[in-house]
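Chemist: what's the 3D shape of this:
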Amino acid sequence: MATRRAGLSLPQQAFALSARFPDGKPTLTRGTLTWTGEVTPTELSRTYLVRIRYRLGATPKVTVIRPALRTRRSEGLPHVYTGDILCLHKDLDWAPLMSLAATIVPWTAEWLMYYEIWLATGNWEGGGEWPPVVPSDSATFVSPRGAAPA
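Modeler: Numbers count the residues shown, from 1 in each chain. Coordinates of the predicted model:
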């Protein structure tokens with residue numbers, strides 16, 4: 001009897017992304033799903049081009065391609081790992097059984113909304129723990145902008 005891997009396959013994830021976000025572009029190469037698409041957090045927000053990279057069994061990694069994320073006067077970006085990888089959730093809040101389209105893309109929109117509030121006010125209203133209590137496999141917690149995380 002064959003055992004089935006836990007979680008959605010990369011083609012299943014790509015199909016779900018295409019169904020929910022038809023203007024985005026999924027690409028499957030060498031065991032990695034890369035999805036690029038536009039996200040507009042609110043009606044008053046700008047539109048961001050984001051990239052999700054996902055390998056089975058790993059945490060999805062999300063980066064903003066454009067516009068470039070800005071900082072506030074000598075502050076590093078909050079809730080961002082080295083390489084500008086967004087910190088969207090605690091490690092155990094996401095699992096491979098979950099759909100990227102139903103979790104990671106909406107969480108990215110939510111992160112971007114809180115980023116815009118942070119740019120305007122200087123306060124991160126998105127909650128969470130920063131730096132994380134348990135390190136993610138994403139990388140170190142220090143923002144590449146040079147300042148320690150908030």
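Chemist: show me the strands in this structure, by range?
Modeler: Secondary structure of the chain by DSSP state E: the strands cover 25-29, 32-39, 48-55, 61-66, 80-81, 85-86.
Chemist: and the second one, what does it pack onto?
Modeler: In terms of contact count using 3 or more C-beta pairs under 8 Å, 6 or more residues apart in numbering; DSSP states H and E, strand 32-39 is assigned the packing partners helix 10-20, strand 25-29, strand 48-55, helix 104-121. No exception for glycine: its C-beta is placed from N, CA and C like everyone else's.
Chemist: quick one: buried residues of the third one?
Modeler: Using 16 or more other C-beta atoms under 10 Å as the burial criterion, the residues of strand 48-55 that qualify are 48, 50, 52-54.
Chemist: dump those residues to CSV, plus pLDDT and distance to E129.
Modeler: Formatted as CSV, these follow (pLDDT from 0 to 100; distance: C-beta to C-beta, whole Å):
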residue, pLDDT, distance to E129
Y48, 98, 24
V50, 98, 23
I52, 98, 22
R53, 98, 23
Y54, 97, 23
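Chemist: ok, now which ones touch the residue most central in space within the chain?
Modeler: Closest to where the C-alpha atoms of the chain average out (C-alpha atoms, centre = their mean) is V62, at 3.3 Å. By C-beta atoms under 8 Å, 6 or more residues apart in numbering, the contact set of V62 is 50-52, 85-86, 88, 104, 108, 111.
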